[in-house]
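Novice: Kindly return the folded structure for what I paste below:
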Amino acid sequence: MNASPAPWRTVTIMGAILLAGSAAVRPGHAADAPPPAPGDPGADVRTVLGIQGTRFLLNGEPAFLLGFSYYGALGAPDAFVREDLEDAQRCGFHWLRVWATWNAFDSNVSAVDADGRAREPFLGRLRRLVAECDRRGMVVDVTLTRAAPRPGQPPGAGLPNNQAHLRAVETLVTALAAHRNWYLDLANERDVRDARYVPAAELKTLRDAVRRLDPERLVTASFGGHDLSEGDLREALFEVGVDFLAPHRPRNAQSPGQTEARTREWIGQMERLGRVVP
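Specialist: Predicted structure coming up:
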């Protein structure tokens, strides 16, 4: 018997301290409302994510995004996902992160294949997850990652080049266009110098594709495991053109206590550079 955990059981709680001093709000909970009609993914659009200055907005109101990573959610049955969302909302979370390219524990539950094309049934599960979160007043981070195939992994374990990555962006933006409660992390930890690395010039082509297909869609590109320099800020804000910053800060015991001060430093640097985002 394989003792590996089910692929959807990789859940990490995380606080999204992306903005020092943003208001903490709880979006309206709509768990008792009926789900959207089958085949009509936009039938119950309720949650609109936006930004204003250094703040995130939910339905026009300032919001502090508090969430958790639900990496392998696309491998879970729908009923199981609904139970998890109920539990998360009871704990005060209203934001989650799901990978559209997730391959772990001998299971590939990616919503796109290695060429960036739709991969069913997982793209359909992603649609239903985003729709269910929309109904509940929850925000979804949909994450892509650049990755070269590794020995022993199932086929389609990542996006190996910019062409595939661009096609994956187009696939997701088109498939999820009906909902305004999700944003796209173009490339997880894109500045780590391994298979995840995506140069700024390539990120700009991905960002431009999103703008062409869905001008109002928010995008970011996360940084991996370090605090941001002024050069990092300048590249993200002006060369790539992200809508907000997503630094994955150092993973150590001191990091949570440092986050507010670091965030305030970055806001000050952005003010000096002439563009301020969450």
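Novice: So residue 85 versus residue 146, what's the distance?
Specialist: From residue 85 across to residue 146, the span is 29 Å (C-beta to C-beta, to the nearest Å). Any C-beta I mention is one placed from the backbone N, CA and C, and that applies to glycine too.
Novice: same question but for residue 123, I mixed them up
Specialist: For residue 123, the distance to residue 146 - C-beta to C-beta - is 19 Å.
Novice: Of those two, give the one with the bigger neighbour count.
Specialist: residue 146 (26 against 21; other C-beta atoms under 10 Å).
Novice: The more buried one reaches residue 168, doesn't it?
Specialist: No. The pair residue 146 / residue 168 is not scored as a contact, 10.0 Å apart, by C-beta atoms under 8 Å.
Novice: Touching both of the two, which residues are there?
Specialist: Common neighbours of residue 146 and residue 168 are listed as residue 159 (criterion: C-beta atoms under 8 Å, 6 or more residues apart in numbering).
Novice: Give me the residue ranges of the stretch 51-200 of the chain where confidence is low.
Specialist: For the stretch 51-200 of the chain, applying pLDDT under 70 flags the ranges 149-157.
Novice: where exactly do the strands run in it?
Specialist: For the stretch 51-200 of the chain, the strands defined by DSSP state E, counting those that start in this stretch occupy 55-58, 61-63, 66-70, 95-99, 103-104, 107-108, 139-143, 182-185.
Novice: Tell me which other helices or strands the third one touches.
Specialist: Contact analysis of strand 66-70 by 3 or more C-beta pairs under 8 Å, 6 or more residues apart in numbering; DSSP states H and E lists strand 11-15, strand 95-99 as its packing neighbours.
Novice: any idea of the angle that strand forms with strand 139-143?
Specialist: Calculated by axes from the mean of the first three to the mean of the last three C-alpha atoms, to 10 degrees, strand 66-70 forms an angle of 40 degrees with strand 139-143.
Novice: tell me the contacts of the nearest residue to residue 221 once chain neighbours are set aside?
Specialist: Once flanking residues are discounted, residue 221 sits nearest to residue 186: 4.5 Å by C-beta to C-beta, 6 or more residues apart in numbering. Each residue near residue 186 by C-beta under 8 Å, 6+ apart is listed here: 144, 169, 198, 203, 206, 207, 210, 219, 220, 221, 242.
Novice: same question, residue 49
Specialist: Residue 49 makes contact with 56, 57, 58, 139, 180, 181, 182, 183, 218, according to C-beta under 8 Å, 6+ apart.
Novice: returning to that earlier point: to residue 263, which of the strands of the stretch 51-200 of the chain lies closest?
Specialist: Proximity to residue 263 (C-beta to C-beta) singles out strand 55-58 among the strands of the stretch 51-200 of the chain, at 12.4 Å.
Novice: Neighbouring strands of the closest one in the sheet, and parallel or not?
Specialist: With DSSP bridges as the test, strand 55-58 is paired with strand 49-52 (antiparallel), strand 61-63 (antiparallel).
Novice: buried set for stretch 271-278?
Specialist: Residues of stretch 271-278 classed as buried: 277, 278 (neighbour count, 16 or more other C-beta atoms under 10 Å).
Novice: now it, how far from the centre of its chain.
Specialist: 22 Å (C-alpha atoms, centre = their mean, to the nearest Å).
Novice: Quick test: name the residue nearest the centre of the protein.
Specialist: What sits nearest the mean C-alpha location of the chain, by C-alpha atoms, centre = their mean, is residue 141, with 2.3 Å.
Novice: so what's that residue bridging to?
Specialist: What pairs with residue 141, by the bridge criterion (DSSP bridges), is residue 97, residue 183.
Novice: Report how many residues lie close to residue 107.
Specialist: 16.
Novice: For residue 136, see how far away it is.
Specialist: 26 Å.
Novice: Kindly report the same for residue 64.
Specialist: 17 Å.
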